[in-house]
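*Asks:* got a predicted structure plus its sequence, pasted below:
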Amino acid sequence: MDAAKIAELKFFIDQCKSNPSILHNPSLGFFRAYLQSLGARIPAEPKSNNGNRSSEPGENASVKQPDDDLEDDIVQSDVELDSADVVEPDNDPPQKMGDPSIDVSEENQDAAQTSKSRALVALSEGKPDDAIDHLTEAITLNPHSAIFYATRANVFVKLKKPNAAIRDADAALQINPDLAKGYKVRGMARAMLGQWEDAASDLHLASKLDYDEEIGLALKKVEPNAHKIEEHRRKYERLRKERVLKKIEREKQQQRKAEEAEVKYSLNDGQVIGIHSITELESKLKAASKLSRLAILYFTATWCGPCRFISPLFVTLAGEYPNAVFLKADIDEARDVASRWNVSSVPSFFFIKNGKEVDKLVGADKSSLERKIAQYA
């Protein structure tokens, strides 16, 4: 190694000593792995003030990806809804409910009906609170009547108490799941709370069971908001999937880069790699193929005069073509390798690209060796 490269290496080591976090740069993964293989302990990656891992300027790990905040943007993005009729939720204690376990006599049924009639009169006189009292009495007398609950729920809607209305509507639908008024009132109450999709669902069910004009008017207010929310959800889901796919692709790219860095490290750029077995040769050729590099396999022998003549040039060319892979095998030490490549004389040079032999040179012809390397590298 020349003096300039040694100076650069010393400078790099000094940088690592002063700032060990450099070793966590993804591009130095191969070097970090090498140090750990020697038993070195790599300091933990430091955290920045915001709790994230810190990194050197320009390091991919520190650069926030454009779509990292995508999910937050989607969730927080405004959906323009018509909320003119939305009210604050009522937090009153739950209203009195009937006891479903009691048997209702005919006398109580009649009395309950009378209480309901009084409630309707109170409503006509603009006395909703009195109507609630009469309907509560009716429910107590006959807790098996779904219509009593639904009627009281309707009064709660008029009083702008949507939670109370929903409780009564639920009770009514538990008694009679096909009661249109139960779905209608619950849908109107949910709309008052801004629960647009649930409101639309209830109102559509009510419309199918027993359509009336009031349901139609409610749907005209509710459906536009419900449709906007559904469209917003579809948009979010689409962008969320795109974000996941981008994240997967980024991870694949990072993995590929890490693998390429490790492969590149194993090829000793600018140096001649000694080959001692078929397994070792196949590993280097596979690594060269991954990087689409030219590999030159040079067969030599210690007793070969022409080999001693051309070997220094082979070493020099390795430095001049760092993106080519220079491999050297002694036919006496690596007999299985020489046999696999049918080497009959030395020096012999095989030019390999993407795992296939593209050319061959036999003899210590310096100009031919230089020309072929320049041609295929």
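*Replies:* Cool, the structure landed.

*Asks:* give me the mean pLDDT for stretch 29-47.
*Replies:* Across stretch 29-47, the average pLDDT comes to 73.

*Asks:* with stretch 369-377 instead?
*Replies:* 95.

*Asks:* okay, it in CSV with CA atoms only?
*Replies:* What follows is stretch 369-377, C-alpha atoms only, in CSV (Å, rounded to 0.1, in the frame of the first residue of the first chain):
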residue,chain,number,x,y,z
LEU,A,369,-3.2,-9.0,-20.9
GLU,A,370,-3.5,-5.3,-20.6
ARG,A,371,-5.7,-5.0,-23.7
LYS,A,372,-8.1,-7.8,-22.6
ILE,A,373,-8.5,-6.3,-19.1
ALA,A,374,-9.2,-2.9,-20.6
GLN,A,375,-11.7,-4.5,-23.1
TYR,A,376,-13.8,-6.3,-20.5
ALA,A,377,-13.4,-4.3,-17.3
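
*Asks:* so for that stretch, what gets flagged as buried?
*Replies:* Using 16 or more other CB atoms under 10 Å as the burial criterion, the residues of stretch 369-377 that qualify are 369, 372-373, 376-377. (C-beta placed from N, C-alpha, C; glycine too.)

*Asks:* tell me, how many residues neighbour the nearest residue to Ala318 once chain neighbours are set aside?
*Replies:* Counting by CB to CB, 6 or more residues apart in numbering, Ala318 lies nearest to Phe326, which is 4.0 Å off, once chain neighbours are set aside. Other residues within reach of Phe326, judged by other CB atoms under 10 Å, total 25.

*Asks:* next, Phe326: secondary structure please.
*Replies:* strand (DSSP: H, G, I helix; E, B strand; the rest coil).

*Asks:* was I right about it contacting Val272?
*Replies:* Yes - using CB atoms under 8 Å, Phe326 is in contact with Val272, at 4.7 Å.

*Asks:* which residues are common contacts for those two?
*Replies:* Shared contacts of Phe326 and Val272 (CB atoms under 8 Å, 6 or more residues apart in numbering): 298, 314, 318.

*Asks:* for the second one, which non-adjacent residue is closest in space?
*Replies:* Pointing back at Phe314 there. With CB to CB, 6+ apart as the criterion, Phe314 has its nearest non-adjacent residue at 5.7 Å, and that residue is Tyr298.

*Asks:* how about Thr151?
*Replies:* Nearest one to Thr151, counting by CB to CB, 6+ apart, is Leu135 at 5.9 Å.

*Asks:* which residues of the chain fall in helices?
*Replies:* 3-18, 29-37, 70-76, 106-124, 128-141, 146-158, 162-175, 180-192, 196-210, 213-266, 278-290, 305-320, 335-340, 366-376 (DSSP state H).

*Asks:* looking at those helices, which is closest to Val346?
*Replies:* Closest approach to Val346 among the helices of the chain (CB to CB): helix 305-320, 5.7 Å.

*Asks:* which other helices and strands does the closest one contact?
*Replies:* strand 272-275, strand 294-300, strand 325-330, helix 366-376 (3 or more CB pairs under 8 Å, 6 or more residues apart in numbering; DSSP states H and E).

*Asks:* and if we set it to 6 Å?
*Replies:* Using 3 or more CB pairs under 6 Å, 6 or more residues apart in numbering; DSSP states H and E as the contact criterion, helix 305-320 has no neighbours among helices and strands.

*Asks:* by how many degrees do it and strand 325-330 diverge?
*Replies:* Angle of helix 305-320 versus strand 325-330, following axes from the mean of the first three to the mean of the last three CA atoms, to 10 degrees, is 160 degrees.

*Asks:* pLDDT of helix 305-320, averaged?
*Replies:* Averaging pLDDT along helix 305-320 gives 95.

*Asks:* ok, now how distant is Gly363 from Phe349?
*Replies:* According to CB to CB, to the nearest Å, Gly363 and Phe349 sit 9 Å apart.
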